[in-house]
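**Student:** Next input, structure requested:
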Amino acid sequence: MKEIEHNSNSSIVRPVPWSQSAIVPLQPQKEKIISGWERLVAQAQTINQMAAELEAEILELKAMVSAIDSQINYLQGNRKPRRSICKYLTISVPWVRQKSDESLILTTRKVDLFRAEREAALLAQKLRQQSKRKKMATQRHRTIRFI
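**Tutor:** Down below sits the predicted model:
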């Protein structure tokens with residue numbers, strides 16, 4: 001039988017004392033944590049951007065429904081206006097917010113379908129009030145001249 005020679009360069013695994021062979025837990029590298037956080041924040045921003053786009057598309061749908069409703073009512077002439085072709089319920093879109101402690105919350109944000117109508121009504125009311133004040137001021141000014 002031939003004897004196997006062992007030298008220090010051989011690839012034979014030598015037993016290591018137990019105290020030296022314990023597995024060291026992996027420590028996350030700081031760069032990986034920062035990179036992960038940046039990706040997380042970017043993903044949250046993407047979700048919020050998509051939610052804003054979805055809200056805009058929903059509002060566009062509502063504008064289209066309104067235009068079609070107006071056309072149908074116009075074609076019906078003096079008859080009683082018919083109900084809308086669309087019914088609106090409360091809706092919301094996903095939204096990611098960041099708390100003061102920098103933790104993130106995945107939640108929803110309500111879509112206000114009638115904000116534009118309220119703003120238009122408020123603006124119309126302000127304009128009517130301004131017009132009324134101007135008319136009254138003009139009348140007072142004319143009355144004072146003739147006295």
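
**Student:** contacting residues for Ile23?
**Tutor:** Residues near Ile23 by CB atoms under 8 Å, 6 or more residues apart in numbering: none. (C-beta placed from N, C-alpha, C; glycine too.)

**Student:** So it, which state does it fall into?
**Tutor:** Here Ile23 is recorded as coil under DSSP: H, G, I helix; E, B strand; the rest coil.

**Student:** Distance check, it against Gly77.
**Tutor:** According to CB to CB, to the nearest Å, Ile23 and Gly77 sit 84 Å apart.

**Student:** So which other helices or strands are in contact with the longest helix along the chain?
**Tutor:** In the chain, taking DSSP state H as the definition, the longest helix is helix 30-75. With contacts taken as 3 or more CB pairs under 8 Å, 6 or more residues apart in numbering; DSSP states H and E, helix 30-75 sits against strand 91-98, strand 104-111.

**Student:** what residue ranges in the protein are flagged as low confidence?
**Tutor:** 1-22, 24, 26-27, 141-147 (pLDDT under 70).

**Student:** try 90 this time
**Tutor:** For the chain, the stretches with pLDDT under 90 are 1-37, 73-84, 102, 115-117, 130-147.

**Student:** Can you tell me which of the helices and strands packed on helix 30-75 is packed in deepest?
**Tutor:** Scoring the helices and strands packed on helix 30-75 by mean neighbour count under mean count of other CB atoms under 10 Å gives strand 91-98 as the most buried, with a mean of 14.

**Student:** Report the angle between that strand and helix 30-75.
**Tutor:** 160 degrees (axes from the mean of the first three to the mean of the last three CA atoms, to 10 degrees).

**Student:** In its sheet, which strands sit next to strand 91-98, and in what direction?
**Tutor:** As defined by DSSP bridges, the strand partners of strand 91-98 come to strand 104-111 (antiparallel).

**Student:** contact partners of the strand it pairs with?
**Tutor:** 40, 44, 47, 51, 55, 58-59, 90-99.

**Student:** try 6 Å
**Tutor:** Ala44, Glu55, Ile58, Ile91, Ser92, Val93, Pro94, Trp95, Val96, Arg97, Gln98 (CB atoms under 6 Å, 6 or more residues apart in numbering).

**Student:** if I look at the third one, how far off is Glu119?
**Tutor:** Put plainly, it is Ile58. In terms of CB to CB, Ile58 sits 17 Å off from Glu119.
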